[in-house]
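Q: Next comes the sequence, and after it the predicted model I'd like to discuss.
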Amino acid sequence: MKRFGSKQLIPIAMALMGVVFAVVGFTQLGFWDKEPKAGFFPSIIAVVMVISSVAAFFQTLKEEDKPQYNKNELLVIAGGAGVIAGSFIIGMIPMIFLYVLFWLLVVEKGTPILHIIIIEAIVAVIVLGVFAGWLQVQFPWGLFENFM
């Protein structure tokens with residue numbers, strides 16, 4: 001019998017997290033009422049997260065070899081944890097910009113500064129224009145929320 005390990009536990013945890021986000025998005029934030037509500041995007045992402053987590057779980061059951069983790073995989077997880085932790089301190093929007101800047105400068109070494117500026121501008125348009133403006137996603141502002 002195949003051992004149950006972290007390769008199976010992570011997709012299960014992500015599926016459960018997706019279910020929680022979907023329930024909150026659909027019930028508390030609202031999904032659609034003549035236009036997208038604040039829960040529109042989180043609900044869609046949560047459903048995709050559940051589906052992909054279930055698919056990943058069944059895929060891990062087919063693997064026979066011992067789980068091995070790549071350094072780059074762990075960097076992505078650490079980066080996501082850093083964004084979440086930093087969101088409580090300086091807010092999510094500034095943390096997203098810092099994360100993209102850090103990733104391009106440190107991990108993707110050799111990225112020209114002009115490309116970094118263009119990428120940061122595109123991220124700003126997407127985050128502020130689409131998510132904050134059009135979809136009305138309420139981003140956490142961290143410790144600065146009391147000053148706003």
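A: Alright, I've got the coordinates.
Q: quick one: contacts for the residue nearest to residue 39 when sequence neighbours are not counted?
A: Excluding the flanking residues, the one nearest residue 39 by C-beta to C-beta, 6 or more residues apart in numbering is residue 29, at 2.9 Å. In this view, the C-beta of every residue, glycine as well, is placed from N, C-alpha and C. Residue 29 is in contact with 37-39, 42-43, counting by C-beta atoms under 8 Å, 6 or more residues apart in numbering.
Q: Adding secondary structure, neighbour count and distance to residue 5, write these out as CSV.
A: Below are these laid out as CSV (DSSP: H, G, I helix; E, B strand; the rest coil; neighbours: other C-beta atoms under 10 Å; distance: C-beta to C-beta, whole Å):
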residue, secondary structure, neighbour count, distance to residue 5
37, coil, 17, 39
38, coil, 16, 37
39, coil, 23, 34
42, helix, 20, 30
43, helix, 23, 31
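Q: worst-scoring helix or strand of the chain, pLDDT-wise?
A: Counting by mean pLDDT, DSSP states H and E, the weakest-scoring helix or strand in the chain turns out to be helix 71-89, with a mean of 85.
Q: in it, what's buried?
A: Neighbour counts over helix 71-89 (16 or more other C-beta atoms under 10 Å) mark 86-87 as buried.
Q: Which strands and helices lie in contact with that helix?
A: Other elements packing on helix 71-89 under the criterion 3 or more C-beta pairs under 8 Å, 6 or more residues apart in numbering; DSSP states H and E are helix 92-102.
Q: what sits up against the helix it packs on?
A: Counting by C-beta under 8 Å, 6+ apart, 79, 82-83, 86-87, 89-90, 116, 119-120, 123-124, 127-128, 132, 139-142 sit against helix 92-102.
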